[in-house]
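> What would the 3D arrangement of this be:
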Amino acid sequence: MARQPLLASSRGEMEVGMGADLYINSLHQGSRGTWEPQFEAASKLRDSLPKGSAARAEAETKLEYCQDQMLSQGYFRDPYNNWDLLWQFGLSWWDDIIPMLEDEARLTVPQVRRLLEMLTEREVTFDERLSALRLEDETYFRNRYLELRTFLNRAIALDEPIDCSL
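Numbers count the residues shown, from 1 in each chain. Have a look, this model is predicted:
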């Protein structure tokens, strides 16, 4: 079967807009606390510079770097678009995961284990769906799956729930 491109025209469309944001707070708060002051300073600098200037572009690069560092630990994002990882498993954050959440929009450790089981149970579906994609897109989703499994296993190892903004 020929591999088909996804509808998104570029990788830039992957993380834009709405999505599922997952946090392991003990990890996320540490990196956020370290990088947030630098992020705020970079934001103020960027906003003070003329639009379209080389200095503003440089400041924007610094701002993006600080944001990436703030989100580098204890954070996972899955966008609600063609790059949604859960869709590749035939799952939905809204239909399948929201019903698992506790009152504080939190996945407890047993629920995190259940999510891992759900993903494992649907790996055949995942493989079938990926086989129709371009190799580049298949690789993207396989890497994202490894990132999500690592994230979920980290929460289990820390015996810490995952806060969810879905």
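
> Does the residue at the greatest distance from the centre of the chain fall in a helix, a strand, or a coil region?
When distances to the mean C-alpha position of the chain are computed (CA atoms, centre = their mean), the maximum falls on residue 50, with 31.8 Å. Three-state call for residue 50 (DSSP: H, G, I helix; E, B strand; the rest coil): coil.

> Assign the residue nearest in space to the middle of the chain to helix, strand or coil.
Residue closest to the average C-alpha location in the chain (CA atoms, centre = their mean): residue 77, at 1.7 Å. With three-state DSSP as the basis, residue 77 sits in strand.

> Hmm, it is touching residue 21, no?
Yes. Using CB atoms under 8 Å, residue 77 makes contact with residue 21 at a distance of 5.4 Å. Heads up, the C-betas are built off the backbone N, CA and C, glycines and all.

> pLDDT below threshold where in the protein?
For the chain, the stretches flagged by pLDDT under 70 are 1-17, 28, 30-31, 68-72.

> cutoff 50 now
Across the chain, the ranges flagged by pLDDT under 50 are 1-15.

> So which residues of it form strands?
Remark: strands assigned in the chain by DSSP state E are 19-23, 75-79, 106-107, 162-165.

> quick one: the second one to chain centroid distance?
Its chain's C-alpha centre lies 2 Å from the corresponding centre of strand 75-79 when counted by CA atoms, centre = their mean, to the nearest Å.

> go on, the shortest one?
Averaging C-alpha coordinates over strand 106-107 and over its chain gives two centres that are 16 Å apart (CA atoms, centre = their mean).

> Burial check on the closest residue to residue 39 other than its chain neighbours, number of neighbours?
Nearest non-adjacent residue to residue 39, counting by CB to CB, 6 or more residues apart in numbering: residue 66, 3.9 Å away. Burial of residue 66 is recorded as 20 neighbouring residues (other CB atoms under 10 Å).

> so who does residue 66 touch?
Residue 66 makes contacts with 35, 38, 39, 42, as judged by CB atoms under 8 Å, 6 or more residues apart in numbering.

> ok, now how distant is the first one from residue 21?
Just to be clear, that refers to residue 35. According to CB to CB, to the nearest Å, residue 35 and residue 21 sit 17 Å apart.
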